[in-house]
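# sequence and predicted structure are below.
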Amino acid sequence: MQNKKLVLSSILVLVLIFLGLGYFYKNNEVKKEELQTKSNSNSLIRDHSIKFGDNKKNISVVEFLDPECESCALFHPIMRKLYKEYHEEIQLVVRYVPNHKNSRFAIKILEASRIQNKYEEVLSVIFEKQPLWAQHNNEKPELLWEFLAVIPDLDINKLKEDSKNPEIEKIMDIDTQDANQLNVRGTPTIFVNEKRLSVLSQKDLFDMVESEIYK
């Protein structure tokens, strides 16, 4: 019986050590990632990046997205809700990671829409209609012109012409380089004041932003 108790005690000690080491490793990795992000903070926001919000609390929410990414489309309503509730306190910044076949085509349209101050409307339509124009193995990106035509006061002909601007290619290349430097692989990837959102959920995002607002 005494030997059995000794064995159980030893197992318990080993389990506690294992859990402690696991927590230490995870905590250490998070801190290391935060330090790396801070050292690369210039890579988070660029002068060319589109920005929204009054930013009265000096809080940046940077989203690396891909307009052809299904997860980005699903998460977009959450980002819109965040902006609607906290647009006075935060600055929302959009960066690009063109990982899919027609991502660059869609990003060129997005960037061109900035000239007509229609970025938010165009992004919403791109995500809303994504299942139609970006269907796997049956992509039809040219359908975007038809879908975007319903946006009031959007000049489609001007949008097509402006999307040919070679500067947009440079923007995508810079964003891709910055994403690589920040170890951004998938989309959407979100940073709140240089801290990476580890769990992609509405609760975790709002908790993270609110902790910065009310700290």
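Great, that's in hand.

# contacts only, for the residue nearest the centre of the chain.
Most central in the chain under C-alpha atoms, centre = their mean is Glu63, positioned 2.8 Å from the mean C-alpha point. Contact criterion C-beta atoms under 8 Å, 6 or more residues apart in numbering gives 79, 92-95, 188-190 as the residues in contact with Glu63. (Each C-beta comes from the backbone N, C-alpha and C, glycine too.)

# for the residues you listed, pick the one with the most neighbours.
The member of these surrounded by the most neighbours (other C-beta atoms under 10 Å) is Arg95, with 27 neighbours in all.

# what separates Pro77 from Asn157, distance-wise?
30 Å (C-beta to C-beta, to the nearest Å).

# those two: which is more packed in?
When Pro77 is set against Asn157 and neighbours are counted by other C-beta under 10 Å, the residue ahead is Pro77, at 13 against 8.

# hang on, the earlier thing: so the residue nearest to the centre of the chain, which of the three states?
Using DSSP: H, G, I helix; E, B strand; the rest coil as the criterion, the local structure at Glu63 reads strand.

# and stretch 133-143, what's buried?
By neighbour count, with 16 or more other C-beta atoms under 10 Å as the criterion, the buried positions of stretch 133-143 are 133-134, 139, 141.

# reformat these as TSV; add secondary structure and pLDDT.
Written out in TSV, the entries for the buried residues of stretch 133-143 read as follows (DSSP: H, G, I helix; E, B strand; the rest coil; pLDDT from 0 to 100):
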residue	secondary structure	pLDDT
Trp133	helix	98
Ala134	coil	98
Glu139	coil	96
Pro141	coil	98
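
# could you dump these to TSV with distance to Ile126?
As requested, those are exported to TSV (distance: C-beta to C-beta, whole Å):
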residue	distance to Ile126
Trp133	8
Ala134	9
Glu139	13
Pro141	10
